[in-house]
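> Below is the sequence, then the predicted model.
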Amino acid sequence: MSNAEAHPDTQVCTEGGLPGPRAARLGGAPVEIITARAVPLGGPRAMNVRRTLPQRQRSLIGAWCFVDHYGPDDVAATGGMDVAPHPHTGLQTVSWLFAGLVSHNDSGGNSGDIRPGEMNLMMAGAGICHSETSSATSGRLHGVQLWIALPEEARHSPERGFEHFVPAPTAFPGGSALVFIGSLLGSRSPVHTYTPLVGAELVIDPGGVLDLPVDAGFEHGLLVDTGAKVTLEGVHVPKDAVGYTGVGARTLRVANEGTEPARLVLLGGAPFGEEVVMWWNFLARSTEEISRYREEWQNHGERFGRVEGYVGHGGPGRNADGMTRIPAPELPPVRMRPRKNPPPHAQFHG
């Protein structure tokens, strides 16, 4: 998915803090609440997404550096998703649906349909471009789009890989999990990442309580998709928000105090020790790299290749606005300066 903001902020990917945190469970880990902001995907009937990462206050959870949460969206009413070919560098993308269908095409020659409960991971090291489109028959579109920052040793890779994985449900008392990245609750994903990570969908029954064993070296974020009364370590996490815990916890208590099932997405990983500059769809290490990537994309450079088979809402090869590819925004007139990441702990303020 593209960052479709017309004037994207420069994001220096560091560990920061938001007002909070709270710790309601005796001996529990502090919890910092990260709220979402609305971002339109573009087009005359733009589908809005709710973005929790990156933020000025916190840009990473492990190597997870981008979290867009969308839907449930009535495709017939809104037009759904039609993201024309756009570039990426220095990251992996993870697509995870709760409902609907999205068609993917990329310049590595990979294509396929993204379906609920089936993970698709795309490798965008030195450069790739891709398109994502929902059809009129998709019904309701609902899911998350995630990015993973690549470390120095992998970010220049010419590989344009694509992995598809369908995790089997893992039952636990009071619910079940689908582990699509890493290892959790005895389930392990075979999908390759370049830093230690975990990603899973959790469904917790009404009244259910999960004492979740986690890696103490990981920081974690819990995104609430559905559930009006979800708590993490005894702290209420509102719908569409992320509850963040820093490193050190060996168990996280997640509870659904509501009367309907709660669906959550757990993201975690070892703190990402490198300084990363994120602008638009590019991850880099300097202003010069960002500028070079933008120029190459605008000039149809070979770094990104070309997407074949894109059929948008405007017909073969174009979206509803007539675009055959998404142009890059103008660069901000400032130098993008990385800074050292603060410690990976929920931050206290005032």
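Yep, it's here. Predicted, not measured: the structure shown is a model, and the values here were computed from it.
> rest of the way, CA atoms for contacts and neighbours
Fine.
> Now do the phi/psi pair for the residue most central in space within the chain.
Central residue of the chain (CA atoms, centre = their mean): residue 146, 1.8 Å from the mean position. The phi/psi pair for residue 146 (degrees, to the nearest 10) reads phi -130, psi 150.
> can you pull the contacts of it?
64, 65, 66, 67, 68, 93, 94, 95 (CA atoms under 8 Å, 6 or more residues apart in numbering).
> For it, list each beta-bridge partner.
Residue 146 has the following beta-bridge partners by DSSP bridges: residue 67, residue 94.
> Helices along the stretch 1-150 of the chain, start to end?
75-78 (DSSP state H, counting those that start in this stretch).
> low-scoring stretches of it, by residue?
Counting by pLDDT under 70, the stretch 1-150 of the chain shows low-confidence ranges at 1-26, 41-46.
> give me that answer again for 90
1-28, 39-48, 55-59, 75-80, 135-139 (pLDDT under 90).
> From start to finish, how long is stretch 231-250 in a straight line?
17 Å (CA to CA, to the nearest Å).
> State whether residue 93 and residue 145 are indeed in contact, as I suppose.
Yes. Applying CA atoms under 8 Å, one finds residue 93 in contact with residue 145, separated by 7.4 Å.
> give the contact list for residue 196.
182, 269, 270.
> Output those residues as JSON lines; include the columns distance to residue 232 and pLDDT.
Shown next, in JSON lines, are the contacts of residue 196 (distance: CA to CA, whole Å; pLDDT from 0 to 100):
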{"residue": "182", "distance to residue 232": "21", "pLDDT": "98"}
{"residue": "269", "distance to residue 232": "17", "pLDDT": "98"}
{"residue": "270", "distance to residue 232": "20", "pLDDT": "98"}
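> Most neighbours out of the contacts of residue 146, which is it?
Each of those was scored for neighbours by other CA atoms under 10 Å, and residue 64 scores highest at 30 neighbours.
> could you measure the closest residue to it other than its chain neighbours against residue 74, distance?
Leaving out its chain neighbours, the residue that sits closest to residue 64 by CA to CA, 6 or more residues apart in numbering is residue 148, at 4.6 Å. Distance of residue 148 to residue 74, given as CA to CA: 28 Å.
> do residue 229 as well
In this structure, residue 229 and residue 74 are 25 Å apart, going by CA to CA.
> Compare those two and say which one has the larger neighbour count.
Neighbours were counted for residue 229 and for residue 74 using other CA under 10 Å; residue 229 has more, 20 against 17.
> Check what pLDDT the closest residue to residue 284 other than its chain neighbours gets.
Counting by CA to CA, 6+ apart, residue 284 lies nearest to residue 277, which is 5.3 Å off, once chain neighbours are set aside. Residue 277 carries a pLDDT value of 94.
> what's the neighbour count on residue 277?
22.
> element containing it, please.
strand 276-279 (DSSP states H and E).
> Following the chain onward from that strand, which element is next?
Following strand 276-279 in sequence, per DSSP H and E, is strand 282-284.
> which outside residues touch that following strand?
87, 88, 89, 90, 91, 149, 276, 277, 278, 290, 293.
> which two in the residues you listed are spaced the farthest apart?
With CA to CA as the measure, no two of the contacts of strand 282-284 lie farther apart than 87 and 276, at 17.4 Å.
> Alright, that wraps it up for me.
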